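Visitor: Turn this into a structure:
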Amino acid sequence: MAKGMSKSGALLQRRVRRQQMRVAALRALKSVSALPDERVALEFESESGILDDAAASLRAAAVRAGPRSRPPSEHSMPRLNVVIMVVGSRGDVQPFISIARRLAWRHRVRIATHAEFRPFVERAGLEFYPLAGDPRELMEYMIKTGGRIVPTHLQQIVEDVPRKRQIVADILQSTWRACTEKDPDRADAAPFVADAIIANPPSYGHLHCAEALGIPLHIVFTMPWTATSAFPHPFAHVPPGSHDPVKNWLSYEIMDLLMWVGLADLINEFRQQTLKLAPIEIGAATLLSDLEVPFTYLFPESLIPKPAEWGPHIDLANFIFLDQAETYTPPPDLTAFLAAGERPICVGFGSAVVQDPVATTRTIYAALAQAGARGIVLRGWGHLGGEGPPPNVYVIDECPHDWLFPRCRAVCHHGGAGTTSAGLRAGLPTVVVPFFGDQFFWGQIVCAAGAGPTPIPIETLDAVSLADAFAACGRPQMRARAEELGAKIRMTDGVELVVDSLRRHLPIGAMQCARNPEHLARVYCTRCRLRLCTACYEGDHAGHAARPYRPFNWSVRAPQHLGEELRAFAADALHALSALVKQPR
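Guide: Down below sits the predicted model:
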């Protein structure tokens, strides 16, 4: 912070500099197209000097992270109503089960996610609220659009997206109910109004609900969602060349704009009609960045060092696991297979859908044979292993990773965040065969860390390349690096790190009653200029003029001089991106 500059002034300065980067992103963007591997390819104009100017802005926008503040004592905190919003698959929900269990020691916690996960949540002893959206339908949408969460063809925006838009609209409405209503499916459910929101980014309504209620928001996610020069957006592909750090940063701005193209009207309708808030001009990731909403990422610094541009409002924790080994009883023939020879290589693609299961199974069998390895194949959603396996292969429908992986010598999977973390925790060399989305990112991260060979996209998978990858996993250097990473991951409790981060970023002082800090302030006594809990107000301050107390103010509206630039930028961006997006081949 410059000497003599207020915190609000420094924040505004950082917002202006980030806005300069967004303008540079739009001006430098040359084309947007879909790659055969289903990522979004971004091509930038490198000769015009725009990227040189952006590099200077990027250096000026760097945030110097100071030392972490100590989290407040858990016992000094008032009891909060915490809602955790999660949109996605079971793998997305699973880490929040462990986080919610830990928070529930002190607070009332509900997990708001898709209705089909109610048994999963309630078996963990947690409160539940049903969000709209079917995770299977969301997965089908991704398959239909080639694995892309963000449509990159104008034809898809017109023809394929309407149903997805309706899902998003329904999810938005349900996020507000999750913050303010009791469980509709439990007659004995107690009333609920959220005091704090924890969310993953695809839950869409998080920031808007927090603004409407005037409560803190904390984003928790498994993959990078904050602009950095260290690596590109997980859903983007930026060809290597000059200005790589600048292109990496700009990829986040462009991906946010692409998402905003299809959802802007839905979000503003939700804000205006349901929340009674003013409309906004820019996307959610942009707002989260501008407002410096606290983020905690569920990966360790030993694997992904914290980028220099990520300020003190962003923490790295560790992977989080929901272990099942203690309650798992393996089939006798699996136990016999494991005991009959050397440790196998585990191969499975989780929820990824395989276009030709028979051919892919044959490829796996042939690669294991060429590598002289035994294998365990997990059927998964791809229905692998349909043909009778050879003697060196055992096929099973499912098996807890925390039980199986320590009994293997390497693992080959699709690169999902959960499976990647489980393999690395076990200290296993890892072959990633990415299908779509962040799987390419995790494949590159594992390879860059020295814990696995170059990823093999599913479209290029063959027996020779897979056998070579299996052989690479046997090299002493790669085994040692994987074991080193595994030891570091096992050393720290990701749940405790997340909870510490959540406590550290809560504005507890602004939430406590001025007379009784153990209680939350609910009323602001305008006569006495005090924030008070209900009991204190009704006791010593009854009859005084008062208003409901909002502990947090999310100023999503930009200052006027910046707001005009934002509005012009947003309008230009929507027009330019529509012109750049290529039609299907």
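Visitor: can you give me the helices for the stretch 451-585 of the chain?
Guide: In the stretch 451-585 of the chain, the helices defined using DSSP state H, counting those that start in this stretch lie at 463-472, 476-491, 494-505, 508-511, 534-540, 560-580.
Visitor: between those helices, which gets nearest to P517?
Guide: Among these, helix 508-511 comes nearest to P517, with 8.7 Å by C-beta to C-beta. In this view, the C-beta of every residue, glycine as well, is placed from N, C-alpha and C.
Visitor: any chance of the helices of the stretch 451-585 of the chain in CSV, plus mean pLDDT?
Guide: Output for the helices of the stretch 451-585 of the chain, formatted as CSV (pLDDT from 0 to 100):
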stretch, mean pLDDT
helix 463-472, 98
helix 476-491, 97
helix 494-505, 94
helix 508-511, 88
helix 534-540, 90
helix 560-580, 52
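Visitor: Next up, phi/psi of the spatially most central residue of the chain, please.
Guide: Of all residues in the chain, the one closest to the mean position by C-alpha atoms, centre = their mean is F221, 3.1 Å from it. Backbone torsions of F221, given as degrees, to the nearest 10, read phi -150, psi 160.
Visitor: Now it: closest residue in space, sequence neighbours ignored.
Guide: Spatial nearest neighbour of F221, excluding adjacent residues (C-beta to C-beta, 6 or more residues apart in numbering): N200 at 5.3 Å.
Visitor: I'd guessed that neighbour sits against M85; true?
Guide: Yes - shown here, N200 and M85 form a contact pair, counting by C-beta atoms under 8 Å, at 7.2 Å.
Visitor: neighbour count winner among these two?
Guide: For N200 versus M85, neighbours defined as other C-beta atoms under 10 Å are more numerous around M85 (28 against 24).
Visitor: ok so, going back, pull up the overlap in contacts between N200 and M85.
Guide: Shared contacts of N200 and M85 (C-beta atoms under 8 Å, 6 or more residues apart in numbering): none.
Visitor: picking that back up, and the helices of the stretch 451-585 of the chain, which is most packed in?
Guide: Of all the helices of the stretch 451-585 of the chain, helix 494-505 has the most neighbours on average by mean count of other C-beta atoms under 10 Å, namely a mean of 20.
Visitor: Counting by contacts, list what that one packs against.
Guide: helix 90-103, strand 217-221, strand 295-297, strand 314-316 (3 or more C-beta pairs under 8 Å, 6 or more residues apart in numbering; DSSP states H and E).
Visitor: and the angle for the helix or strand just after the longest one with helix 90-103?
Guide: Spelled out, that is helix 90-103. Per DSSP states H and E, the first helix or strand lying C-terminal to helix 90-103 is strand 108-114. Between the axis of strand 108-114 and that of helix 90-103 there is an angle of 170 degrees, by axes from the mean of the first three to the mean of the last three C-alpha atoms, to 10 degrees.
Visitor: what element comes up after the least confident helix or strand in the chain by mean pLDDT heading to the C-terminus?
Guide: Within the chain, confidence by mean pLDDT, DSSP states H and E is lowest for helix 154-159 among all helices and strands, at a mean of 48. Per DSSP H and E, helix 154-159 leads on to helix 161-180 as the next helix or strand towards the C-terminus.
Visitor: residues contacting the residue nearest to the centre of the chain?
Guide: Listed by C-beta under 8 Å, 6+ apart, the contact partners of F221 are N200, P201, F295, Y297, L298.
Visitor: in these, which two residues are the furthest apart from each other?
Guide: For the contacts of F221, the farthest-apart pair by C-beta to C-beta is P201 and L298; their separation is 12.6 Å.
Visitor: ok, the two, which is more surrounded?
Guide: Set P201 next to L298 and count neighbours by other C-beta under 10 Å: L298 wins out with 24 against 19.
Visitor: Just list the residues touching the more buried one, thanks.
Guide: By C-beta under 8 Å, 6+ apart, the contact list for L298 reads P95, V220, F221, T222, A317, N318, F319, I320, A417, G494, V498.
Visitor: give me phi/psi at the closest residue to M511 other than its chain neighbours?
Guide: Sequence neighbours aside, P551 is the residue nearest to M511 in space, at 4.5 Å (criterion: C-beta to C-beta, 6+ apart). Phi and psi for P551, reported as degrees, to the nearest 10, are phi -70, psi -20.
Visitor: tell me the contacts of P551?
Guide: Listed by C-beta under 8 Å, 6+ apart, the contact set of P551 reads G214, I215, P216, P507, A510, M511, L520, A521, R531.
Visitor: now, which of those residues sits nearest A373?
Guide: Closest approach to A373 among the contacts of P551 (C-beta to C-beta): P216, at 50.4 Å.
Visitor: From what I see, the closest one and G509 are in contact.
Guide: No - between P216 and G509 there is no contact under C-beta under 8 Å: 11.9 Å.
Visitor: If you tally nearby residues, what's the number for A410?
Guide: 28.
Visitor: Number the chain from 17, please
Guide: I'll keep to 17 as the first residue from here, and by that count the last item is A426.
Visitor: who's in contact with it?
Guide: I361, C362, L444, P445, T446, V447, F486, C489, G490.
Visitor: Among the residues you listed, which one lies nearest to P348?
Guide: Looking across the contacts of A426 and measuring by C-beta to C-beta, the closest to P348 is C362, at 19.0 Å.
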